[in-house]
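# Here is my input, please return the structure:
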Amino acid sequence: MKVEYINNQNICTKNVLNYSFKKDKEISNDLKTYPKISSKYYRSNYLTFGSDKEYNKQHYNKYISVGLGEDCAKILSSKKPDFSSLSFWQKTELLDQLETIKMCYLLTSSELSELGFDSKLEELKKSIETASFDSVSQQKKPVDFFNKEDIETIKNTDFVQYGKLGLSMLYTRQDFLRDLTSFISKLSKKEQTKTFNLANIKPIFENEKIVGYDGLIKSANIVNNDEINELYNIINKFLVQNKVTTQNKELNKALNRLVEQIPEFINVISKKQHANHANTLDIHILQTLSNALKNPEFEQLDDENKVCLIMAILLHDIAKRENMQDSLHPYYSGIFAKEILNKFDLSEKSKQKIINLIQNHHWLKDYSTYKLSADGVAKMFSNPAEWKMAKIMADADIKAISARISELLKSSLSYEHLKPIDDKVNKA
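Numbering: from 1, shown residues only. Below you'll find the model as predicted:
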């Protein structure tokens with residue numbers, strides 16, 4: 001069942017989803033028409049929606065009371081919630097809402113238990129995690145896109161000089177968004193929906209112009225045919241034919257080797273971040289990598305862990321949403337990274353290590369705000385080498401946010417603050 005295109009709105013808010021659910025009035029009429037069904041559902045507190053689906057009215061009302069939209073409330077109030085009809089982006093919107101309900105204590109523990117909230121949350125996550133972003137089978141590539149000279153170049157580059165505009169490219173993000181806007185302006189709303197679903201992105205509109213997008217463009221879906229020839233050319237020009245064009249020739253060589261091997265990185269170049277960050281997302285990621293390479297402890301890692309840490313840093317914010325705070329981006333970045341890592345000749349152990357570093361890269365924030373105990377952090381990074389990698393990454397990440405944030409948070413990485421975790425990891 002297709003969902004009509006929505007202009008930058010939350011799909012879980014009231015009356016947004018375009019599902020063919022029966023309204024409460026229609027359900028009431030059904031109950032009058034069929035008295036046997038009426039008495040059955042009255043006693044069990046279940047009502048019907050759609051053809052053969054049932055939802056619990058009390059549970060539905062509870063979800064509505066905390067601001068969830070009618071249709072998502074019905075899905076969650078079903079005996080067996082079915083998330084398969086939702087697109088990837090609709091699932092992410094719903095997960096955002098559910099995490100907010102839990103984190104903000106909008107429902108009590110007993111209410112969450114009565115709703116079977118945690119099990120439904122896990123079902124939704126499993127549904128999200130089974131999404132595929134690139135179905136094209138490719139030969140495994142060696143992780144050799146950075147040679148020693150590239151590493152030295154990145155290590156010695158102050159990426160902050162590229163400021164809020166990000167890296168320059170032959171075909172800029174702004175030009176791509178302009179051309180994409182021009183292309184979709186010729187389409188009906190239904191065709192627009194199909195286009196964005198095909199590309200696997202969620203566009204951000206402002207005055208009918210696309211000013212950004214979330215997600216990684218799924219180029220494997222965009223085949224060159226008469227119907228979408230123009231779209232194919234735009235995406236091919238942006239992802240495949242593009243080049244980084246800074247004034248530094250050695251940096252261009254290093255970064256163009258990177259985007260040849262990980263074209264998904266193009267999606268973050270010049271992507272805007274929220275106000276806490278001084279720079280665009282590409283600059284933040286590359287400055288984080290530069291900071292990590294400068295850390296003396298980086299050289300203490302073995303070659304495998306060096307590769308894992310570099311990959312984790314390059315992909316740690318790959319799913320971050322444009323120009324907004326996004327507390328779930330470590331989780332989604334891990335999901336996106338899994339698909340990217342499958343293209344490389346990496347052991348399963350290395351891939352899991354990278355994904356773990358990505359999905360838990362906010363451990364320091366959670367530990368410093370008492371959301372996570374020393375035991376909890378120690379379980380995330382169960383051996384000294386992984387714990388060292390996590391600390392290098394956290395230190396590099398904080399320093400790459402902004403000078404002000406770095407100064408505010410530097411004490412959180414002090415020996416005294418982290419000693420309880422050090423003790424637990426070293427004892428394990």
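
# ok, the closest residue to V268 other than its chain neighbours to E416 distance?
Excluding its sequence neighbours, the residue lying closest to V268 (Cβ to Cβ, 6 or more residues apart in numbering) is L281, at 4.5 Å. Every residue, glycine included, has its C-beta placed from N, CA and C. Computed as Cβ to Cβ, to the nearest Å, the L281 to E416 distance reads 33 Å.

# Tell me the buried residues in stretch 410-427?
Neighbour counts over stretch 410-427 (16 or more other Cβ atoms under 10 Å) mark 412, 418, 421, 424-425 as buried.

# Give me the lowest-pLDDT entry from these.
pLDDT across those is lowest for S412, at 87.

# K424 versus that one, what's the distance?
17 Å.

# again with L372
12 Å.

# got it, and D179?
From D179 to K424 the distance is 53 Å (Cβ to Cβ).

# Kindly report the same for K194.
Here K194 is placed at a distance of 51 Å from K424 (Cβ to Cβ).

# helix/strand/coil for the residue lying closest to Y367 once chain neighbours are set aside?
Spatially, and ignoring its direct neighbours in sequence, Y367 is nearest to V377 (5.4 Å; Cβ to Cβ, 6+ apart). Per DSSP: H, G, I helix; E, B strand; the rest coil, the local secondary structure of V377 is helix.

# Near V377, how many other residues are there?
Number of residues near V377 (other Cβ atoms under 10 Å) recorded here: 21.

# Likewise for I234?
I234, neighbours per other Cβ under 10 Å, totals 21.

# Would you verify that R178 is located in a helix?
Yes - judged by three-state DSSP, R178 forms part of a helix.

# in the stretch 51-200 of the chain, what spans have low per-residue confidence?
Within the stretch 51-200 of the chain, the stretches with pLDDT under 70 are 51-53, 131-140.

# can you map out the strands along it?
53-56 (DSSP state E, counting those that start in this stretch).

# what's the neighbour count on the nearest residue to S406 once chain neighbours are set aside?
The shortest distance from S406 to any non-neighbouring residue, by Cβ to Cβ, 6+ apart, is to K399 (4.8 Å). K399 is flanked by 22 other residues according to other Cβ under 10 Å.

# Please report how far K399 lies from E208.
K399 sits 39 Å away from E208, going by Cβ to Cβ.

# got it, and D326?
For D326, the distance to E208 equals 24 Å [Cβ to Cβ].

# With neighbour numbers in mind, choose between these two.
Shown here are D326 and E208; by other Cβ under 10 Å, D326 has more neighbours (20 against 9).

# K320 is in contact with that one, correct?
Yes - if you go by Cβ atoms under 8 Å, D326 and K320 touch, sitting 5.7 Å apart.

# Helices along the stretch 101-250 of the chain, start to end?
With helices called from DSSP state H, counting those that start in this stretch, the stretch 101-250 of the chain shows them at 109-115, 117-129, 148-155, 173-184, 189-199, 229-239, 249-261.
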